[in-house]
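In: What shape does this take:
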Amino acid sequence: MLHIDGAVNNSGSSTGIVLITPEGHRLMSAIHFKFYVTNNDAEYEALINGLKVALEVGAVNLIVQSDSELVVNQVNGGFQARGPWTELYMRCAQRLLKKFENAKLESVP
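Out: As a prediction, the model looks like this:
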């Protein structure tokens, strides 16, 4: 299970990633950006970096939970990606998801 979140506010922008193994072990990571990102960019950065971590530890089955309905629906094909950066983020996430035997991206409140 992978929980991701990206955030942008007055104090900066960052992502949070929590990967939970089937045995219940938690691998946590946070990334603080030193460059400008939008909130949606931060959500995509969380997704992409979380997927890379999951691949590095050898995950083959993965459920990803994100609070960004926009990102989830774009990656799952329900919404169209608008803008060149969003398109690149979306395609990168889709390529990474295909590297798992079973992967599901779902929206959570």
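In: Pull up the gap between the residue positioned nearest the centre of the chain and Leu62, please.
Out: What sits nearest the mean C-alpha location of the chain, by CA atoms, centre = their mean, is Leu47, with 1.0 Å. Relative to Leu62, Leu47 is positioned 11 Å away (criterion: CB to CB, to the nearest Å). Heads up, the C-betas are built off the backbone N, CA and C, glycines and all.
In: Next: Ala103.
Out: Taking CB to CB as the measure, Ala103 falls 5 Å from Leu62.
In: quick one, strands of this protein?
Out: Defined through DSSP state E, the strands belonging to the chain, from first to last, are 2-9, 12-20, 26-33, 61-66, 102-107.
In: Next, the buried residues of the fourth one.
Out: Buried positions in strand 61-66, judged by neighbour count with 16 or more other CB atoms under 10 Å: 62, 64-66.
In: From the residues you listed, pick the one nearest Leu19.
Out: Of all the buried residues of strand 61-66, Leu19 sits closest to Leu62, with 8.8 Å by CB to CB.
In: still on that earlier bit, a markdown table please, covering the strands of the chain and showing distance to Gln80 and mean pLDDT.
Out: As requested, those are arranged in a markdown table below (distance: least, CB to CB, whole Å; pLDDT from 0 to 100):
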| stretch | distance to Gln80 | mean pLDDT |
| --- | --- | --- |
| strand 2-9 | 20 | 95 |
| strand 12-20 | 24 | 95 |
| strand 26-33 | 26 | 94 |
| strand 61-66 | 18 | 98 |
| strand 102-107 | 17 | 97 |
